[in-house]
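In: Can you look at this prediction? I've put the sequence above it.
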2 protein chains.
Amino acid sequence: MQAQQAMPDVDLVFHALGDPTRRAILERLSRRPATVSDLAVPFDMSLAAIGQHVQVLERSRLVRTEKVGRTRTCQIDPEGLSLARQWIEERKRVWEDRFDRLAEFLDEDDPE
Amino acid sequence: MQAQQAMPDVDLVFHALGDPTRRAILERLSRRPATVSDLAVPFDMSLAAIGQHVQVLERSRLVRTEKVGRTRTCQIDPEGLSLARQWIEERKRVWEDRFDRLAEFLDEDDPE
């Protein structure tokens, strides 16, 4: 049984997404899971550097990892992506509601 | 007539969204447009510092500004938010398609 994980923080998620290497790792992992060593090859980075990026992604629930024997496999965790999408949609919704209210107001004000 | 603006770059958009002050500015602007001076008050920052954040947001098409006389008014530009949402949805879609293909494969393989 897995321990219940806390909701990731929106700050952590957007900080993680703000880095182009971390977004490239997510693009790679969305196609299929990979070990940290698999990820190090195309990115031409040290295992330690990739491992640090993976840790940042894991803390923000964008990636989950599982260690079997000596190999750590990484895959997408949809939780962090959902949180980022939710924040963006909330901003769009609040912004668009303003226009709807403005349109209603103008309709009411219309003498026709 | 306004000049046609190029599509914002996904790197610019996520870099801009990675900063908590810039996200707070977007939250504020989603409720209503504001001048740079309006924004400086709640954030307790200099006009110059807010102006720089606004420039980053403008370059990534998250904010558009308009100068009337000596006052620059800022409002949400939905273009940048749409680009960020699109990137996130594409990652989720590719990831979820994998599971759908796996489920189909398991169905075909089922002797029942």
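Out: Arrived safely.
In: CA atoms for contacts and neighbours, from now on please.
Out: Will do.
In: Could I get the full set of strands for chain A?
Out: Ranges of strands in chain A, per DSSP state E, are A:34-35, A:63-68, A:71-76.
In: I would like the residues contacting the shortest one, please.
Out: Residues from elsewhere that reach strand A:34-35 (CA atoms under 8 Å, 6 or more residues apart in numbering or on different chains): A:71-75.
In: Narrow those to just the buried residues.
Out: A:73-75 (16 or more other CA atoms under 10 Å in any protein chain shown).
In: Now distance to chain B too, for those residues, in CSV please.
Out: Shown next, in CSV, are the buried ones among the contacts of strand A:34-35 (distance: CA to the nearest CA, whole Å):
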residue, distance to chain B
A:Thr73, 16
A:Cys74, 13
A:Gln75, 9
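In: List the contacts of the residue positioned nearest the centre of chain A.
Out: Taking CA atoms, centre = their mean, the centroid of chain A lies closest to A:Leu81, which sits 3.4 Å from it. Taking CA under 8 Å, 6+ apart, we find A:Leu81 in contact with A:13, A:62, B:88, B:92.
In: Can you name the two of the residues you listed that sit furthest apart?
Out: Within those, A:Val13 and B:Lys92 form the most distant pair, 15.0 Å apart (CA to CA).
In: Who has more neighbours out of those two?
Out: A:Val13 (24 against 19; other CA atoms under 10 Å in any protein chain shown).
In: Which residue is the nearest non-sequential neighbour of that one?
Out: Once flanking residues are discounted, A:Val13 sits nearest to A:Ser60: 5.0 Å by CA to CA, 6 or more residues apart in numbering or on different chains.
In: Please apply the same query to A:Arg23.
Out: A:Leu17 is the one closest to A:Arg23 (CA to CA, 6+ apart), at 5.9 Å.
In: Looks like that neighbour contacts A:Leu26 (just checking).
Out: No: A:Leu17 lies out of contact with A:Leu26 (CA atoms under 8 Å); the separation is 9.1 Å.
In: residues from chain A in reach of chain B?
Out: Residues of chain A lying close to chain B by CA under 8 Å from any CA of the partner chain are A:11, A:14-20, A:26-27, A:30-32, A:76, A:78, A:81, A:84-85, A:88-89, A:91-92, A:94-95, A:98.
In: Now, of those residues, which are buried?
Out: Buried by 16+ other CA under 10 Å: A:11, A:14-18, A:26-27, A:30-31, A:76, A:78, A:81, A:84-85, A:88, A:91-92, A:95, out of the residues of chain A next to chain B.
In: now the helices: where do they sit in chain A?
Out: A:10-17, A:20-31, A:36-43, A:47-59, A:78-109 (DSSP state H).
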